[in-house]
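Undergrad: Sequence plus predicted model, see below.
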Amino acid sequence: MMIACLPGDGIGPEIMAEALRVLAALDLGIETAIADVGGAAYKAHGHPLPPETLELARTSDAVLFGAVGDPECDNLERHLRPEQAILGLRSALGLFANLRPATMFKGLEDMSALKPEVASAIDLLIVRELNGDVYFGEKAQRVLEDGRRQGYDFMSYAEDEVRRIAHVAFRAAQGRKGKLCSVDKANVLETSQLWRDVVIEVAAEYPDVELSHMYVDNAAMQLVRNPGQFDVVVTGNLFGDILSDQASMCVGSIGLLASAALGERQTASGTFGLYEPIHGSAPDIAGQDKANPMAMILSLAMLLRHSLGLEEAAVRVEKAVSQALADGITGADLGGSAGTTEVGDAVLARL
Ligand code: NAI
Ligand code: MG
């Protein structure tokens, strides 16, 4: 088995180094290959996603991605900006399902923006569709006949796009608490009405999963009022983008949240995917041994679970991280003083 490791720029290389130490300590005999991406790739090869990097990702069993967003590249044309690398990888690799778990860790309840007793119940997974919706529809700005400027973005979902993400969500619910909440805006949007109809059709294949529906505005409210009510949430690209950022902040630090982007391709032992922390390249703290590597390490755990079928190793990594947090090992993002490598050491010691 081979993992393509793409550290990126900013804090990406620092946090990737810690994840790779964890992988080495697990001694699973997995090969790794490292390639440039983002600002680092632009500086070395003149493009944020060089063909060699894409080819390596394509031929691997899974991709572990750090972060990109070097501010020195901010003035480049849009297609040369570091962030184009992640968008390019997602579309070239057909990654349409974004899994973003948010779980409250013991000992961090006071770090949440919510009341500790509300936050302690958070244990949810947002399944966000990643390849469709208003982000990919026809979009433009134009000048109307009367001279007013107008912008528009076309929102649409085809039934097969909804069906495949619904299957991912129902299967995820089967592996968790058996509850799935589909979030839409079916009271106003035709796209959402189709979404809801298709999710209900797919539900017939999963009688063991309890399905509910919620309008997105109410879901935003419920996530703050009582996040403990959610197990798996499935939603479209736009709503999922917003709700998953919101859910993540209820947990305490962006430095704790991992994600998976999965496609349809099956590998020998799971589903091919790309795994990354949800945060960016944090240029404000890059190179200062301040970045929390836990989101990156937890992304590795997701990779072991979903792409390599190594559930036991994934659980070991997750337990080591939560044990380190319970023992009070935290960096500046969580009010502590541990540096990046120190947090990595603490996780390694508990593996
Ligand atoms: P960011 O997530 O990089 O940083 C936001 C804040 O959180 C900063 O104060 C940062 O220091 C802190 N932070 C982030 N990760 C942390 C960690 N592991 N440990 C401790 N503190 C952490 O978001 P920002 O500043 O909006 O974006 C910076 C660059 O990253 C931009 O160029 C943006 O486009 C890019 N970006 C890339 C993403 C990716 O690679 N998938 C995702 C989000 C943003
Ligand atoms: Mg977002």
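TA: On my side now, so go ahead. Ligands and ions are numbered 1, 2, ... in the order given.

Undergrad: who's sitting farthest from the centroid in this structure?
TA: Computed with C-alpha atoms, centre = their mean, the maximum C-alpha offset from the centroid of the chain is found at Asp146, amounting to 43.7 Å.

Undergrad: do you know how far it is from ligand 2?
TA: 35 Å (C-beta to the ion, to the nearest Å). From N, CA and C alone the C-beta is placed, and that goes for glycine too.

Undergrad: and the stretch 201-350 of the chain, which residues reach ligand 1?
TA: By C-beta under 6 Å from any ligand atom, the residues of the stretch 201-350 of the chain that approach ligand 1 are 254-255, 276, 279-285, 291-292, 295, 333.

Undergrad: Got the phi and psi for Gly178?
TA: When quoted as degrees, to the nearest 10, the phi and psi of Gly178 stand at phi 80, psi 20.

Undergrad: give me every residue that touches it.
TA: Applying C-beta atoms under 8 Å, 6 or more residues apart in numbering, we find Gly178 in contact with Asp208, Val209, Glu210, Asp231.

Undergrad: Skipping its backbone neighbours, what lies nearest the second one in space?
TA: Using C-beta to C-beta, 6 or more residues apart in numbering and skipping residues adjacent in sequence, the residue nearest Val209 is Ala173, 4.6 Å away.

Undergrad: who does the host helix or strand of that neighbour touch, helix- and strand-wise?
TA: Using DSSP states H and E, Ala173 sits within helix 159-174. Where contact means 3 or more C-beta pairs under 8 Å, 6 or more residues apart in numbering; DSSP states H and E, helix 159-174 is packed against strand 97-103, strand 123-129, strand 179-184, helix 190-203, strand 232-235.

Undergrad: Try it again at 10 Å.
TA: Applying 3 or more C-beta pairs under 10 Å, 6 or more residues apart in numbering; DSSP states H and E, we find helix 159-174 packed against strand 97-103, strand 123-129, strand 179-184, helix 190-203, strand 210-215, strand 232-235, helix 237-249, strand 258-267.

Undergrad: Which one of those lies nearest to Pro13?
TA: Closest approach to Pro13 among those (C-beta to C-beta): strand 258-267, 17.7 Å.

Undergrad: and that closest one, what's its mean pLDDT?
TA: Here strand 258-267 scores 94 as its mean pLDDT.

Undergrad: repeat for stretch 232-249
TA: 93.

Undergrad: Measure how far that stretch is from the centre of its chain, please.
TA: Averaging C-alpha positions (C-alpha atoms, centre = their mean, to the nearest Å) puts stretch 232-249 10 Å from its chain's average.

Undergrad: Flag every buried residue along that stretch.
TA: Across stretch 232-249, burial judged by 16 or more other C-beta atoms under 10 Å covers 232-241, 243-244, 246-248.

Undergrad: Show me what from the stretch 201-350 of the chain comes close to ligand 2.
TA: Selection of the stretch 201-350 of the chain residues close to ligand 2 by C-beta under 5 Å from the ion yields Asp241, Asp245.

Undergrad: how about a cut-off of 8 Å?
TA: Asp241, Ile242, Ser244, Asp245, Ile278 (C-beta under 8 Å from the ion).

Undergrad: Can you give me every residue that contacts Met155?
TA: Met155 makes contact with 132-137, 189-192, 236-238, according to C-beta atoms under 10 Å, 6 or more residues apart in numbering.

Undergrad: List buried residues within those residues.
TA: Gly132, Asp133, Val134, Tyr135, Phe136, Leu189, Thr191, Ser192, Gly236, Asn237, Leu238.

Undergrad: follow-up on the earlier one: report the contact partners of the residue nearest to Val209.
TA: 125, 127, 179-181, 206, 208-211, 231-234.

Undergrad: So out of everything in the stretch 51-200 of the chain, what residue is nearest ligand 2?
TA: Arg128 (9.5 Å; C-beta to the ion).

Undergrad: Would you mind confirming that that residue makes contact with Ala97?
TA: Yes: assessed by C-beta atoms under 10 Å, Arg128 is found in contact with Ala97 at 7.8 Å.

Undergrad: more neighbours, the two?
TA: Arg128 (27 against 24; other C-beta atoms under 10 Å).

Undergrad: Kindly state the beta-bridge partners for the more buried one.
TA: Beta-bridge partners recorded for Arg128 (DSSP bridges): Asn98, Thr235.

Undergrad: how much space is there between it and His213?
TA: Distance of Arg128 to His213, given as C-beta to C-beta, to the nearest Å: 16 Å.

Undergrad: which stretches of this structure have low pLDDT?
TA: Within the chain, no stretch falls below the threshold (pLDDT under 70).

Undergrad: buried stuff in the helix or strand containing Asn218?
TA: Per DSSP H and E: Asn218 is located in helix 216-225. Neighbour-count burial for helix 216-225 flags Val216, Ala219, Ala220, Gln222, Leu223 (criterion: 16+ other C-beta under 10 Å).

Undergrad: Now for the third one: which residues touch it?
TA: When you say that, I think you mean Ala220. Going by C-beta under 10 Å, 6+ apart, the list of residues near Ala220 reads Val183, Met214, Phe239, Ile242, Leu243, Gln246, Ala247.

Undergrad: and which of those is nearest to ligand 2?
TA: Set against ligand 2, the nearest of the contacts of Ala220 by C-beta to the ion is Ile242 (7.3 Å).
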